[in-house]
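Participant: dropping a prediction and its sequence here:
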Amino acid sequence: MTLLRGCVLYLLLLAVGPAVAQERPVRIAGVASQERMAPLLQLLGAQLPRATLSYDWLSSAQIAAAARRSEDVPFDLALLASPDIAVSVANEGYAFEDEAAGAMAIAQWRNEVFGIWSDPGVMVLRRAAFPDRMPQTRIELVRALEQGGGRFDRRVGIINIGIDDVSYLLASQDSLRSTLYWRLMRAFGAAKARIYDTTDDILDALQTGDLDILYNVPLSALLVAGDPPEGMEIVVPQDYVLAVPWSVFVPKGAANPRGGRSLLHSLLAPQNKIAFSSVGFEVPDGLQGLESIQKIELGPELLVFRDMIKRSKFLDAWFQAVVD
């Protein structure tokens, strides 16, 4: 009944909302590049043919800071890969409530933050580096590292959780779910893991052949980057897979909130989900192990590790494990 109600409201919005949105441009801010988002933006633009869509590629911090303005926010819809930041903005009262969007979304919080895709964090392993058996779980990966005898020195790649918001969320959630987490981080440290600032940086290193192990890489980024190099294999951990919801919201200070809502409803429409594959929001056929997926839920519990003292202590422990 709730879904039916949401669809009815969506149809009404299509009839009325676009006409309103046509009065001024609809501006989107997102953490993915313009190049990556172009196919999806083209589809959305076709559904609002008399509206002008624009897209700015901003960091999570830039989006959050702008959304916290009481007015003159430079975008009407925000797209974040780090849902904890989106929830933080909404929790402070800077996101519009939209009941119809909440009924349509795969996940939502207070009808203010809406999930459009749950992005699994996966491993990428070099087959030749594991002649006996490719690790399929964290304990198998830990044992391979601990028993490697220096074989994996400088051959492990991880993303700097002090810089990358998604990696920080994955790390903090990992630590809550697995007693193995800190043992794995110490094993990375013993192997002199290479630390990269961004997902793009670690994927560049993957292409050069410098790495045998990559940990907690967003699947969507891997898919957009194309097939892994010869000999490298995407491995979905069989113990559990953390999936991070990409989240959208309409800021209260937007100049064109109705246009933002029209675009939000179009983005959440079921018939548009097929277009998500063009930006990496899909699970390829044949990728095994996703029965172990654990979706990170939208909600105030995500704010725990946003606390500055909690964050500082967690980062100190992480760097002591993987660097010292």
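Facilitator: Received, thanks.
Participant: could you pull up phi and psi at A254?
Facilitator: phi -60, psi 140 (degrees, to the nearest 10).
Participant: what residues are bridge-paired with it?
Facilitator: On the basis of DSSP bridges, A254 is bridged to V73.
Participant: center of the chain - which residue?
Facilitator: Nearest to the centroid of the C-alpha atoms of the chain, with distances taken as CA atoms, centre = their mean, sits A81, at 3.3 Å.
Participant: distance of that one from P300?
Facilitator: To P300, A81 is 19 Å away according to CB to CB, to the nearest Å. C-betas here are computed from N, CA, C, even on glycine.
Participant: and if you look at A32?
Facilitator: Counting by CB to CB, the gap from A32 to P300 is 26 Å.
Participant: who has more neighbours out of these two?
Facilitator: Legend: neighbour count by other CB atoms under 10 Å for A32 and P300, higher for A32 (19 against 13).
Participant: surely the more buried one meets I63?
Facilitator: No - using CB atoms under 8 Å as the test, A32 is too far from I63 to be in contact (11.7 Å).
Participant: now do stretch 254-274: distance from first to last residue.
Facilitator: Using CA to CA, to the nearest Å, the end-to-end distance of stretch 254-274 comes to 28 Å.
Participant: which positions within it qualify as buried?
Facilitator: 254-269 (16 or more other CB atoms under 10 Å).
Participant: same check on stretch 171-181?
Facilitator: Going by 16+ other CB under 10 Å, stretch 171-181 has these buried residues: A171, S172, Q173, D174, S175, S178, L180, Y181.
Participant: give me the nearest residue to the fifth one, chain neighbours excluded.
Facilitator: What sits nearest to S175 in space, not counting adjacent residues and going by CB to CB, 6 or more residues apart in numbering, is Y181, at 4.6 Å.
Participant: could you dump the helix or strand R36 falls within to PDB, C-alpha only?
Facilitator: Taking DSSP states H and E as the criterion, R36 maps to helix 34-47. Taking C-alpha atoms only, helix 34-47 is exported to PDB below (Å, rounded to 0.1, in the frame of the first residue of the first chain):
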ATOM      1  CA  GLN A  34      31.000  14.100 -14.500                       C
ATOM      2  CA  GLU A  35      32.300  11.400 -16.900                       C
ATOM      3  CA  ARG A  36      31.100   8.600 -14.800                       C
ATOM      4  CA  MET A  37      27.700  10.200 -14.200                       C
ATOM      5  CA  ALA A  38      27.100  11.300 -17.800                       C
ATOM      6  CA  PRO A  39      24.900   8.400 -18.900                       C
ATOM      7  CA  LEU A  40      22.600   8.600 -15.900                       C
ATOM      8  CA  LEU A  41      22.300  12.400 -16.200                       C
ATOM      9  CA  GLN A  42      21.400  12.000 -19.800                       C
ATOM     10  CA  LEU A  43      18.600   9.700 -18.900                       C
ATOM     11  CA  LEU A  44      17.300  12.000 -16.200                       C
ATOM     12  CA  GLY A  45      17.600  15.000 -18.500                       C
ATOM     13  CA  ALA A  46      15.400  13.200 -21.100                       C
ATOM     14  CA  GLN A  47      12.700  12.900 -18.500                       C
END
